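J.: Structural data only, the sequence is not supplied:
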């Protein structure tokens, strides 16, 4: 039995959850999110808990059990507290600024890079080098942060680029000089 899948998902105070045809919809202070669960998994609400059980014990059902539970947990947590990813920019002349809802990045290219966030995701810039991506959908927040990071990933010789907060970039030695 899946160790993660058999754990119930607690419904926190202030979050309303509905299940219709294996579509779990949660409504809370941060908005409304929904996730469609595969038919191999059955979803029931019991008091203030969501319980996910397998229809049968074949390989496909076992592999989807823990995943489905985690997806439901992320929907409930997203509408309650939301998710956020922090990025930092390192490099001389590298900076970011807000341009309406979009972010304008100066990353050493000859042109500025403008990234428009998807609906439900907000981007904030503090001190020109710190970027915060937040929203109620964990996947959308992670995808947006990865998109921003991909515009100039940290390079290994000088460490310049956009990185996640606290990310360790292993540095390489440069060319050895002539003697």
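T.: Here it is on my side, so go on. Just so we're clear, the structure is a prediction, and the values are computed from it rather than from any experiment.

J.: Quick one: mean pLDDT for the helix ranked longest in the chain?
T.: Using DSSP state H, we find that the single longest helix of the chain is helix 59-80. Mean pLDDT, computed over helix 59-80, is 92.

J.: What are the buried residues along that helix?
T.: Buried positions in helix 59-80, judged by neighbour count with 16 or more other Cβ atoms under 10 Å: 61, 64-80. Every residue, glycine included, has its C-beta placed from N, CA and C.

J.: what sits up against the longest strand seen in the chain?
T.: Identified as the longest strand of the chain according to DSSP state E is strand 83-90. Here strand 83-90 makes contact (Cβ atoms under 8 Å, 6 or more residues apart in numbering) with 77, 95-96, 105, 107, 128-138, 141-142, 144-145, 148-149, 154, 159-165.

J.: So which of those residues are in strands?
T.: 95-96, 105, 130-135, 161-164.

J.: and the angle for the longest helix of the chain with strand 130-135?
T.: Helix 59-80 and strand 130-135 are oriented at 110 degrees to each other (axes from the mean of the first three to the mean of the last three Cα atoms, to 10 degrees).

J.: Report the central residue of this protein.
T.: Centroid check for the chain by Cα atoms, centre = their mean gives residue 142 as the closest residue, at 2.9 Å.

J.: Okay, now the sheet partners of the helix or strand containing residue 43, with direction.
T.: Assigned by DSSP states H and E, residue 43 belongs to strand 41-46. Strand 41-46 pairs in its sheet with strand 49-54 (antiparallel), by DSSP bridges.

J.: contact partners of stretch 24-41?
T.: If you take Cβ under 8 Å, 6+ apart as the criterion, stretch 24-41 is touched by 12, 14-19, 22-23, 43, 50, 52-56, 60-61, 64-65, 68, 71-72, 74-76, 78-82, 120, 136-137.

J.: which residues touch residue 129?
T.: Contacts of residue 129 (Cβ under 8 Å, 6+ apart): 88, 89, 90, 94, 95, 96.

J.: and the second one, how many neighbours?
T.: The criterion is other Cβ atoms under 10 Å. On that basis, residue 89 has 24 neighbouring residues.
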